[in-house]
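*Asks:* Fold the following.
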Amino acid sequence: TTPHHFAQIYTRASYVSGPIPCKPACSMAQDDIMALLVEYFLEISMLQYSFVMEKPSKVAAAAVYLARATLDIGDASDPSDVQCTSYFSKTLKWYSQYEAADLKDVVMRLHLAHSGASDANLKSVFEKWKKSSLKKVALKLPALKDTLSKSFVLQ
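*Replies:* Residues are numbered from 1 along each chain as shown. Next comes the predicted model:
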């Protein structure tokens, strides 16, 4: 089984978070940008040797987490999270069987790969995903590293 199989499941589970009052929600109308960003992150991970030993389900969960963070999609299912700082919803935890803390290392490595994709030696993935037919997801600004790091501490 590849990360793409798990990514489809986790991306669908990500939509269950529902509308988010303080941040733009990832509704079914926006699913292509979310799904494309997840696929882009999975392709970036294939270029990095450090992801070879990771479980496909973990890489897929990290890609969904990072896509939600990049698009600034918080967890609307947690009423205690007023500022929507959690990017991994209870539904995603249930489907993936991972806690956000389990994903921190993989998410941060994927974030590093995303941040340096435009300057990397192997630019084919970046060039492919910056096309307008793929919604230019490669050109999305990476989530701020500090914001991403804090999201793991707050959970």
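
*Asks:* Check whether residue 117 really touches residue 126, as I assumed.
*Replies:* Yes. In this structure residue 117 lies within contact range of residue 126 using C-beta atoms under 8 Å: 4.5 Å. For every residue, glycine as well, the C-beta is placed using N, CA and C.

*Asks:* If you tally nearby residues, what's the number for residue 147?
*Replies:* Each residue near residue 147 was counted by other C-beta atoms under 10 Å, and the total is 12.

*Asks:* quick one: which helix or strand includes it?
*Replies:* Counting by DSSP states H and E, the element that carries residue 147 is helix 145-153.

*Asks:* gap between that helix and the chain center?
*Replies:* Helix 145-153 sits 14 Å away from the centroid of its parent chain (C-alpha atoms, centre = their mean, to the nearest Å).

*Asks:* helices and strands around it, which ones?
*Replies:* In terms of contacts (3 or more C-beta pairs under 8 Å, 6 or more residues apart in numbering; DSSP states H and E), helix 145-153 is packed against helix 56-70, helix 100-115.

*Asks:* excluding its backbone neighbours, what's nearest residue 96?
*Replies:* Spatial nearest neighbour of residue 96, excluding adjacent residues (C-beta to C-beta, 6 or more residues apart in numbering): residue 61 at 4.4 Å.

*Asks:* same question but for residue 95, I mixed them up
*Replies:* residue 13 (4.3 Å).

*Asks:* The residue of the chain positioned farthest from its centre: what secondary structure?
*Replies:* The outermost residue of the chain relative to its centre, with distances by C-alpha atoms, centre = their mean, is residue 121 at 22.9 Å. Judged by DSSP: H, G, I helix; E, B strand; the rest coil, the three-state class of residue 121 is coil.
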